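>>> got a predicted structure here, sequence first:
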Amino acid sequence: MAGTGGAAAAAGTPAPPHHADPVTPEDEDTTPTLRNRRAQAAAGDAAPANPYASAPPTHVASPSTSTPAPSAAEEAERARALLVPVADPEGRPATTPDVAPVLPGRPAAARPRVQSPGAEPADETGPPCPWCSTGNRPDRHFCRRCAMALTDNTNVPDAPRPWWRRMWWGAGERPAPWAGDRPRLRRGISGIFSWIALALALVLVVFAAFNVDNAWNAARDHFAKRAQVNPDKMTASRSFKDHEPKLAFDKISNSWWGPGVSQSAEGEWIQAEFQQPIRILDVIITPGISVRASDLTEAAMPHRMDAVITTSDGKKTTRQITLDQGSGPQRRKFRVGEVSSVRFIIRSAYGAGPKKQVSIAEIEFFGRSTANEG
């Protein structure tokens, strides 16, 4: 019978079932061969036999026959063969697991933690970064934290420019170039205006340097206290009887000077001279024969006069003085320094007639008070 089973196995046909000898319960737990057969029988019912496993013996000895026990290596090989994946009973191929097995107890490397950017404490004032909401100074082009461009934030208004950049010559000013960029050359009309503004500023500086003394005197004249100045000598082109030039500088308003010529007396003059050159700030002229309004029609009054001023160095300047048609003193600004003499020449008159002459009741000069000098 053993020869027949071997020939059938060699020819590829299944051998006929072989009935084993009966085993008593006492031998079931003590015989390793029986335990292996039961394991192979259970695997045979679930799936086809593993080709790598060794073929089951065709003959089982009786319990009385002595059989050598399998070694530990053989048992391990048989157990490993049972764990090899086998094909599905329906004919589908075995599937391999998606995740490779990992040895137990082997630590896996920690994955990096990805955090979304959050805002830092805004220790710098200015518009926040549109990418990470970090505060930046207004003069920055890139964020101090994420280094992204800050120009993309169109919702934040621009910081106010200084006052010198808001002037008209800074209207065409372009923003500062980025690092590595070459600024464009200014060839348009804005460059011409810049050069003109620079030239005007230079002219003003030179003018101020040469006129700083005049500016200082003008400031002092504006805030100085006035004091009356008396001339040392009075002369005139001609005078009416008992109405000499000195009566126009006697500080009495009811005495007057007249040239003794009817009509407008054009070209007639009266002059005041000073022994020591003096700075004259204001002059007060009282036209007519008195300050009373009832006396206005009794004489003609000067309308326009030329004031010829002679300074201590002999230089002469002429100023025009226009008076109002009314009674009382009339103040006019003079602001002349180092004056030696002043001549008033009559050019026209109010109320001139064949029986009237031009008259001047009083001429007063005012300079700086000596209290301001101390």
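Received the coordinates, thanks.

>>> okay, now the domains of the chain?
Domain assignment of the chain by automatic domain parsing yields the ranges 124-159, 227-373.

>>> how near is the nearest residue to S327 once chain neighbours are set aside to K356?
Taking Cβ to Cβ, 6 or more residues apart in numbering, and ignoring the residues beside it in sequence, S327 has A293 as its nearest neighbour in space, at 4.8 Å. No exception for glycine: its C-beta is placed from N, CA and C like everyone else's. Per Cβ to Cβ, to the nearest Å, A293 is found 17 Å from K356.

>>> of the two, which one has the most company?
K356 (19 against 11; other Cβ atoms under 10 Å).

>>> go ahead and confirm that one touches A299.
Yes: K356 lies in contact with A299 (Cβ atoms under 8 Å); the separation is 5.6 Å.

>>> tell me the bridge partners for F142.
A149 (DSSP bridges).

>>> so what's it up against?
Residues near F142 by Cβ atoms under 8 Å, 6 or more residues apart in numbering: 148-150.

>>> and those, which are buried?
L150 (16 or more other Cβ atoms under 10 Å).

>>> D282: which of the contacts of F142 is nearest?
Taking Cβ to Cβ as the measure, D282 sits nearest to L150 out of the contacts of F142, at 62.6 Å.

>>> what comes up buried for the strand of greatest length in the chain?
When the chain is parsed with DSSP state E, its longest strand is strand 330-350. Neighbour-count burial for strand 330-350 flags 334, 336-350 (criterion: 16+ other Cβ under 10 Å).

>>> same question for stretch 364-374.
364-368.

>>> so what touches that stretch?
Residues outside stretch 364-374 that contact it (Cβ under 8 Å, 6+ apart): 220-221, 224-231, 249, 251, 272, 278-285, 329, 334, 342.

>>> so which of the residues you listed sit within helices?
220-221 (DSSP state H).

>>> ok, M234 touching F274?
No: assessed by Cβ under 8 Å, M234 is found out of contact with F274, at 11.0 Å.

>>> per-residue confidence at K333?
Per-residue confidence (pLDDT) for K333: 89.

>>> over to F240?
91.

>>> tell me what it is bridged to.
H243.

>>> my read: it touches P259, true?
Yes: under the criterion of Cβ under 8 Å, F240 is in contact with P259, at a separation of 6.7 Å.

>>> more crowded one of these two?
P259 (22 against 15).

>>> that one is in contact with S239, isn't it?
Yes: applying Cβ under 8 Å as the test, P259 and S239 come out as touching, 6.7 Å apart.

>>> all strands of this protein, in order?
Counting by DSSP E, the strands of the chain are 226-229, 233-236, 269-287, 301-311, 316-322, 330-350, 360-368.

>>> can you tell me the strand partners of the first one and which way each runs?
Looking at strand 226-229 with DSSP bridges, its partner strands are strand 360-368 (antiparallel).

>>> relative to strand 330-350, how tilted is the partner strand?
150 degrees (axes from the mean of the first three to the mean of the last three Cα atoms, to 10 degrees).

>>> average pLDDT across strand 360-368?
The model assigns strand 360-368 a mean pLDDT of 92.

>>> just stretch 300-317 next, same as before
Rounded mean pLDDT across stretch 300-317 is 93.

>>> so which bits of that stretch are buried?
For stretch 300-317, by 16+ other Cβ under 10 Å, it's 300-303, 305, 307-310.

>>> between those, which is closest to I360?
P302 (6.4 Å).

>>> quick check: nearest residue in space to G288, chain neighbours excluded?
Nearest residue to G288, sequence neighbours excluded (Cβ to Cβ, 6+ apart): M301, at 5.0 Å.

>>> and the strands of the chain: which comes nearest D139?
strand 330-350 (49.2 Å).

>>> OK, contacts around A248?
234, 256-257, 270, 360-363.

>>> name only those of those that count as buried.
For these, buried by 16+ other Cβ under 10 Å: 234, 256-257, 270, 360-363.

>>> turn those residues into JSON lines, including distance to D139.
Output for those, formatted as JSON lines (distance: Cβ to Cβ, whole Å):
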{"residue": "M234", "distance to D139": "72"}
{"residue": "W256", "distance to D139": "75"}
{"residue": "W257", "distance to D139": "74"}
{"residue": "I270", "distance to D139": "70"}
{"residue": "I360", "distance to D139": "70"}
{"residue": "A361", "distance to D139": "71"}
{"residue": "E362", "distance to D139": "68"}
{"residue": "I363", "distance to D139": "66"}
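
>>> of all these, which comes closest to C129?
I363 (77.7 Å).

>>> OK, contacts around that closest one?
Contacts of I363 by Cβ under 8 Å, 6+ apart are 248-249, 270, 272, 283-286, 344.

>>> which one of those is nearest L200?
Using Cβ to Cβ, V283 is the member of the contacts of I363 that sits closest to L200, with 36.0 Å.

>>> kind regards, and thank you for your time.
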